[in-house]
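Chemist: need a structure here:
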Amino acid sequence: MRGNRLRWVAVIFSILFCSRVVWAEESKTIEVWKNLFTFTHGKGANSNTTFLVTKEGVIVIDTGVTPAEARKAKEAVRKQTQLPILYIINTNYHGDHSFGNQVFKDSHTIIAHENVRKALTQESGKEYLAFFKTLKIPGMEETVITPPNMIFKDKMHIYAGEYHLELIHMPGYTDGDLFIYIEALKTLITGDLIFNGKVPDMGDAYIDDWTKALNYMGDLDAEIYIPGHGDPGGKPILIAMKHYLFELRQRVVRQIEKGSSLKETQNVVGPMLKEKYRSWQNLERIDGNIERAYKEFSCLLYTSPSPRD
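Modeler: Modelled structure (predicted):
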């Protein structure tokens with residue numbers, strides 16, 4: 001199953017890398033708090049690499065889609081500090097979060113949820129990378145899968161210098177998602193559980209699980225949310241993500257209950273969502289998201305016992 005989902009996501013990336021909109025953005029480093037920075041890769045998958053500078057060294061979260069992109073992120077780190085890089089953390093197994101890992105091998109410790117290691121070390125991971133290498137992504141040809149070498153199941157705590165980071169696994173966008181809570185900074189590093197101003201690609205997603213994760217994050221004492229894609233922001237970017245998933249779920253389920261086919265559902269729901277979220281990037285992903293929701297909720301609706309049973 002994961003192999004099929006990884007191929008689906010690879011197709012999404014093939015569309016993404018041919019998009020002029022995506023390529024138009026430039027990379028930049030944002031100082032979120034003192035000692036906390038987000039490097040937005042801009043070109044390519046325009047994912048984020050976030051890094052925290054502690055008294056002991058640096059913690060880097062997500063490494064970009066190619067070694068070339070990872071080297072740019074590493075340069076951004078070195079512009080802020082020459083302290084050693086202590087840990088790398090992957091918030092999920094997608095290539096835009098993990099394919100740059102090899103550039104940071106000298107840190108020795110790459111951390112992720114156990115499902116990330118499974119995805120990257122099994123045959124499906126090799127197929128995923130092989131497909132990516134057929135795409136015209138600059139620098140992809142030198143990519144070597146470098147899986148995490150420290151994994152956890154539910155939660156993990158990191159104490160580095162003056163900071164305590166709580167790594168929490170909650171699936172939704174993928175089955176290997178984690179987010180990071182830094183209570184002292186009232187900050188959540190959300191990975192792809194939040195996209196800011198961008199329609200997510202949902203090939204591996206389970207919408208109800210994703211919503212539960214967002215609800216959990218919303219109950220934490222946080223003021224800053226650093227997404228996997230897009231600029232950091234306040235709680236409104238979490239709320240906007242929840243609203244998108246709610247709208248998608250509600251409208252697709254309504255069509256399923258009417259007996260609509262997938263194509264009919266896309267024809268009805270697609271224009272509504274594209275109009276409502278017209279200010280977001282990557283609107284071309286909406287039909288794929290409707291398909292994902294249709295499959296998820298068709299299974300739930302048709303396998304749930306009736307009130308008479």
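
Chemist: now the residue lying closest to residue 30 once chain neighbours are set aside, which residues is it bridged with?
Modeler: Leaving aside its chain neighbours, residue 30 sits nearest to residue 38 (4.7 Å; criterion: CB to CB, 6 or more residues apart in numbering). C-beta coordinates here come from the backbone N, C-alpha and C atoms, glycine included. Partner residues in beta bridges with residue 38, using DSSP bridges, are residue 30, residue 50.

Chemist: can I assume residue 38 is in contact with residue 49?
Modeler: Yes. Contact criterion CB atoms under 8 Å: residue 38 and residue 49 qualify, at 7.3 Å.

Chemist: of the two, who's got more company?
Modeler: residue 49 (27 against 22; other CB atoms under 10 Å).

Chemist: list the contacts for that one?
Modeler: 38-39, 41, 60-64, 70, 73, 76, 100 (CB atoms under 8 Å, 6 or more residues apart in numbering).

Chemist: hmm, try it at 7 Å
Modeler: With contact taken as CB atoms under 7 Å, 6 or more residues apart in numbering, residue 49 is in contact with 39, 41, 60-64, 73.

Chemist: how far away is the closest residue in space to it that isn't next to it in sequence from residue 262?
Modeler: Leaving aside its sequence neighbours, residue 49 sits nearest to residue 73 (CB to CB, 6+ apart; 4.0 Å). Applying CB to CB, to the nearest Å, the value for residue 73 to residue 262 is 39 Å.

Chemist: So between the two, which is more surrounded?
Modeler: Under the neighbour definition other CB under 10 Å, residue 73 and residue 262 were set side by side, and residue 73 has more, 26 against 16.

Chemist: Pretty sure the more buried one sits in a helix.
Modeler: Yes. Assessed by DSSP: H, G, I helix; E, B strand; the rest coil, residue 73 belongs to a helix.

Chemist: Quick check: it touching residue 39?
Modeler: Yes. The pair residue 73 / residue 39 is scored as a contact, 5.0 Å apart, by CB atoms under 7 Å.

Chemist: most centrally placed residue in this structure?
Modeler: residue 192 (2.3 Å; CA atoms, centre = their mean).

Chemist: nearest residue to that one other than its sequence neighbours?
Modeler: In space, residue 192 is closest to residue 228, 3.7 Å off (CB to CB, 6+ apart).

Chemist: With residue 188 instead?
Modeler: residue 222 (4.6 Å).

Chemist: Just give the number of residues close to that neighbour.
Modeler: Residue 222 has 19 neighbouring residues, counting by other CB under 10 Å.

Chemist: residues contacting it?
Modeler: 186-188.

Chemist: Filter the contacts of residue 49 down to the ones in helices?
Modeler: Judged by DSSP state H, helices contain the following of those: residue 73.

Chemist: and which of the contacts of residue 49 is nearest residue 282?
Modeler: When the contacts of residue 49 are compared for distance to residue 282 (CB to CB), residue 41 wins out at 15.0 Å.

Chemist: I'd like to know how far that closest one sits from residue 183.
Modeler: 28 Å.

Chemist: Please apply the same query to residue 155.
Modeler: 14 Å.

Chemist: what do you get for residue 124?
Modeler: Taking CB to CB, one finds residue 124 at 36 Å from residue 183.

Chemist: So for these two, which residue has more residues nearby?
Modeler: When residue 124 and residue 183 are compared for neighbours, residue 124 comes out ahead with 19 against 14, by other CB under 10 Å.

Chemist: Run a quick check on residue 132 versus residue 142, I expect a contact.
Modeler: No. In this structure, residue 132 is not within contact of residue 142 by CB under 7 Å, at 11.8 Å.

Chemist: So which of the two has more stuff around it?
Modeler: Using other CB under 10 Å, the more surrounded residue of residue 132 and residue 142 is residue 132, with 22 against 10.

Chemist: correct me, but residue 91 touches residue 193?
Modeler: No. Taking contacts as CB under 7 Å, residue 91 lies outside contact range of residue 193: 8.1 Å.

Chemist: which residues do these two both contact?
Modeler: The overlap between the contact sets of residue 91 and residue 193 (CB under 7 Å, 6+ apart) consists of 177, 179.
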